[in-house]
Structure formats: structure tokens, C-alpha cells
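1. Predicted model, plus sequence, below.
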Protein chains: 2
Amino acid sequence: MATDSAKYTLIYHAGIPGRGEFPRLFLEATATPYEDTALTVGQDAVKPFLDGSFDGSDANPLPFAPPVLKHGSVVISQTSNILLYLATHASALSVDDPALFHAQELALTVLDLNNEIHDTHHPIAVSAYYEEFKDEAIKRAGDFRKNRLPKFFKHFEDNLQRSSSDYLLSSGPSHADLCLFQVYDGLLFAFPRLMAKTLPEYPKVRNLYERVKAAPRIKAYLESDRRQKYSMGIFRHYPELDEPEEK
Amino acid sequence: MATDSAKYTLIYHAGIPGRGEFPRLFLEATATPYEDTALTVGQDAVKPFLDGSFDGSDANPLPFAPPVLKHGSVVISQTSNILLYLATHASALSVDDPALFHAQELALTVLDLNNEIHDTHHPIAVSAYYEEFKDEAIKRAGDFRKNRLPKFFKHFEDNLQRSSSDYLLSSGPSHADLCLFQVYDGLLFAFPRLMAKTLPEYPKVRNLYERVKAAPRIKAYLESDRRQKYSMGIFRHYPELDEPEEK
């Protein structure tokens, strides 16, 4: 494909890891050269992709929201779609290999969990301030702690248990493992008490997290200035949402 | 690929269109032979895919939730992933064609809208009865009517406006158009008053819906017993969530 030698450019909001972190980790893990406009340009880089004035807008649909990936003349959006593109272009997976669809299936489930984590602090209106619907957030976070996080983590633990490799898939490491690493890492920031209480039940998930974190390229990335800090993005630490004392 | 001549089996909850409807419409629109276990087996068909006892469970990950697609020895889940599989196997799209990723991007955005529609009646806990968090549902539906539906529909209208074909993509019809048809159809059931008020602002979206609905294979499907009715799935009609009278 003509564009495969072209440069990858990742466009995402500046200042938070957010959904941009999933493709960013893939690019870092595979040592794929890329420009991260959150670092090189800043927040202004996002605007043309939302108002339709971006270079190549005649041949590519208008993105709904960042992250956006630019690769030569190809512009695509939606986090899981960018991972799919990278898996089939920057990496070697083929549609003839069921592992592509298995990795995609697990990555999508991790991204569903990521959305549910977002919704713990924004259960009613994404455009509202947290404080506006704080009572509803406390209710939703309660359900998340009691039902949703255990359901998702049990699912990942079960798949790791069934895998013949040390990764989610028997075929070996994939973008699904990187996605699970990222959500686990964000949960340690947002829900430290819940995670401390819950994690002993999911030893294989914890082990996967620790191994991905210690992998040389990921370790170097996490220690670099390229890794942005959690603050007011998807992962937020509100103590009242994180496993309050029993009363 | 050896499995390409194998039979497609779609496994989804019996009794509602739900998320199974997106791959179902693709299979119907492309005249791809398939078995729909919701009709041939009923709800029992789902169980082995959730407890891990399904045929082929040694070589395929455990699904998180239906829909599930079985094709020869390949078993995959996640709605958008099933669409991707069908687009590259039952249909002819290739990863060398940016249209695959553009269709996937737009389909994922429609599926995001689909999730937000679900959350209007379940904003706090998916496992709770609607009535348990009805006050919160009324708040969330208010934000959906005022902010979210217009944001999504404007996005689809803008992309139709920019397209050089009569479909979301200049390259022609894709699974993204079928997804938008389905969500639009479900919204007419769940939010008839909102849609009556809003739709004149999105003439190209309405036109796409009408054309897909009148396409011969889709029309025949919709008139058949294979099309299940809306009831208590993603699309539910609660009058109090649908554009109450101004007070």
C-alpha cells in the first residue's frame, strides 16, 4: 500500500492521556515513528478535524471526535478503528487471521469498560460539570464498583486463564493487552481503594499489567515526557466515588 | 480463506432486534445465507457462549456478551467487530481500501449513539429496573434530546452533505448506512415526538433512511417474520422520556 511508508500523525486533546493513549501505546510498543500533535502543536491541532478544514477533508469523512490518525492521505477516527488500522498496517495482522478479530473483540470490551469508567463521573450529561450531577455519579459509581468492574475483570481473568500464552490471546501479545494495561493503570489512579480491595481476585490480570509495564519500550515511554499525567480526563480521582467506608 | 464457504451463524438474544440487528441487516442486505439462532433455537442458544461451553471454545476467546458470530471454526463477538468481519469476508472490502476504515468509523459512531439511547432508560445501572432510576432517566433523556441526538444527527448530516454519493461515504453504500438506518428506525419507535420535531433539520439523514428502507432486500426483510419487534430492548418507548410538553 502506497501510504505504508508515510508518517503516522496522532491528533488528540493536549494535556490528558484520554482515548489517545490506546493508539499511542501501540505506536510506542511497536517502535513505530509518529508525531503526537498533543506534544508538538497542542490543542489547536484538534480544531481542523472537527470543523472540516483539515488537509484531506475532501476524501475522508469528518471525525466525530478525537483521537484522529493521519497516515499519508488517509484520515480516520474512532479509537478501536485506529487500533485496527495500526494492527493491519503498522503491524502485520491480516483479516485472514482470526487473531485480528479476537484482539479487536477484546480491545473493544476494554474500551467499553473505559467508557463506563468515564460515565461514573458523568452519568447524566457529558457537557455538565461533575458537581452538577454528583449525587447521580455516586449512585453510578456504586454500581460500577459492585457490579461492572467485577464483571469486566472476571471476563479478562477468564480469558487469561484459558489462554495458552501469557497474554489475552493464545496467539500472543496484541493491542488488546495494551488496552487492558492502560485501563488498569487509569483505574489505579481513579479508584485506588477499590483496586486494592478487588485485585487479589484477578491475579492474572495483575500479572499482565505488571509485565506490560515492565516491557522495555513501554517502560521507557512511561518514564518519558511523552506520557501525560492523569487529571480531569476519563480517569479522575474523586474519593467519594472510590469505595467509601462501610457505614 | 478456508472458512469463507462455511455457514454464518448469528447468535443473539431472542425476542428483540437489539445489537444483533446490525449484523443481521448486513447479512440480509448482502443476501448472505445465515442461521439466526434467535429464530431457530431461541434464547438457549446464547448460554454456551457466555459460560464457555460452546463448540470451538478452545480456539476462540470467551465473548463478553452477544451478538456472537460463528463462521466455520471462527467465533467472534462485539457488534462492530462482527460488522468488520462481514465487510471483509461476506463482502469485499480490504484493509488496503480506506473505505473499510471510513465505514467502520461511521458505524462505530452510530453504535455509540445506540449506546447513548440505551442509557437514556438505564443511566445508573444496567441490571436495575427502569423504574428504580426513573428520575435519573428523565434527566439523562433531557440531555439526550437537547444535546446528544442533535450532535450525532448533525454529524451524519454533515457527512452526507460532503459525500459525492447518496450514502455516508463517497465510495458508496456500506455497513455504516445500515447502522444509521437501524438507529433511526429505533428512534422513531422510542422517541416519536422528538423525531417529528427534529427531523426536518436533517433532510439527508431522513432521505437515507427512506431509501434504505425501500431497498428491495431490506424491504422484504422488514416485512418478513425474521424482523423482530421493538419492545423492552435498547429502544423503548417511555412517553416521559420523549419530549414532554413545555411547562
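-> Arrived safely, thanks for sending. Numbers count the residues shown, from 1 in each chain, chains lettered A, B, ... in the order given.
2. in chain A, which spans are strands?
-> Ranges of strands within chain A are A:8-11, A:34-36, A:68-71, A:74-77, based on DSSP state E.
3. Need the ones you listed in JSON lines (columns: mean neighbour count and mean pLDDT).
-> C-beta coordinates here come from the backbone N, C-alpha and C atoms, glycine included. Conversion of the strands of chain A to JSON lines gives the following (neighbours: other C-beta atoms under 10 Å in any protein chain shown; pLDDT from 0 to 100):
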{"stretch": "strand A:8-11", "mean neighbour count": "22", "mean pLDDT": "98"}
{"stretch": "strand A:34-36", "mean neighbour count": "19", "mean pLDDT": "98"}
{"stretch": "strand A:68-71", "mean neighbour count": "26", "mean pLDDT": "98"}
{"stretch": "strand A:74-77", "mean neighbour count": "22", "mean pLDDT": "98"}
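4. In chain A, which helix is the longest?
-> Residue-count comparison of every helix in chain A, with assignments taken from DSSP state H, identifies helix A:98-121 as the longest.
5. Domain parsing of chain A, as residue ranges.
-> The record assigns chain A these domain ranges, following automatic domain parsing: A:2-89, A:98-241.
6. how far is the shortest one from where the chain is centred?
-> By that I understand domain A:2-89. For domain A:2-89, the separation from the chain centroid amounts to 14 Å (computed by C-alpha atoms, centre = their mean, to the nearest Å).
7. cool, the last one as well?
-> With C-alpha atoms, centre = their mean as the basis, the distance from the averaged C-alpha position of domain A:98-241 to the chain average is 8 Å.
8. so how far does it reach from one end to the other?
-> As for domain A:98-241, its first-to-last residue distance stands at 39 Å under the measure C-alpha to C-alpha, to the nearest Å.
9. Only the buried residues of the longest helix of chain A, if you could.
-> A:98-114, A:116-121 (16 or more other C-beta atoms under 10 Å in any protein chain shown).
10. Please list which of the residues you listed are also close to chain B.
-> Taking C-beta under 8 Å from any C-beta of the partner chain as the test, chain B is in contact with A:98, A:101-102, A:104-106, A:108-109, A:112, A:119 out of these.
11. So for the longest helix of chain A, mean pLDDT?
-> Across helix A:98-121, pLDDT averages out at 98.
12. report the angle between the axes of it and helix B:98-121?
-> Angle of helix A:98-121 versus helix B:98-121, following axes from the mean of the first three to the mean of the last three C-alpha atoms, to 10 degrees, is 40 degrees.
13. Tell me where chain A has helices.
-> Shown for chain A, the helices assigned by DSSP H span residues A:21-29, A:37-40, A:47-51, A:79-89, A:98-121, A:134-143, A:149-162, A:175-190, A:192-198, A:203-214, A:216-222.
14. what stretches of chain A score poorly on pLDDT?
-> Filtered on pLDDT under 70, chain A yields the residue ranges A:1-4, A:245-247.
15. Tell me how many other residues crowd residue A:55.
-> A count of nearby residues for residue A:55, using other C-beta atoms under 10 Å in any protein chain shown, gives 11.
16. what's near enough to touch it?
-> When contacts are counted by C-beta atoms under 8 Å, 6 or more residues apart in numbering or on different chains, residue A:55 touches residue A:48.
17. Can you give me the distance of it to residue A:70?
-> From residue A:55 across to residue A:70, the span is 8 Å (C-beta to C-beta, to the nearest Å).
18. cool, residue A:147 as well?
-> Residue A:147 sits 39 Å away from residue A:70, taking C-beta to C-beta as the criterion.
19. cool, and residue A:154?
-> Note on residue A:154: its distance to residue A:70, by C-beta to C-beta, is 38 Å.
20. OK, contacts around the residue lying closest to residue A:95 once chain neighbours are set aside?
-> The spatially closest residue to residue A:95, leaving aside those adjacent along the chain, is residue B:88, at 4.3 Å (C-beta to C-beta, 6 or more residues apart in numbering or on different chains). With contacts taken as C-beta under 8 Å, 6+ apart, residue B:88 has the following neighbours: A:95, B:94-95, B:100.
21. Now, of the residues you listed, which are buried?
-> Burial by neighbour count, 16+ other C-beta under 10 Å: within these this picks out A:95, B:95, B:100.
22. Cheers, nothing more for now.
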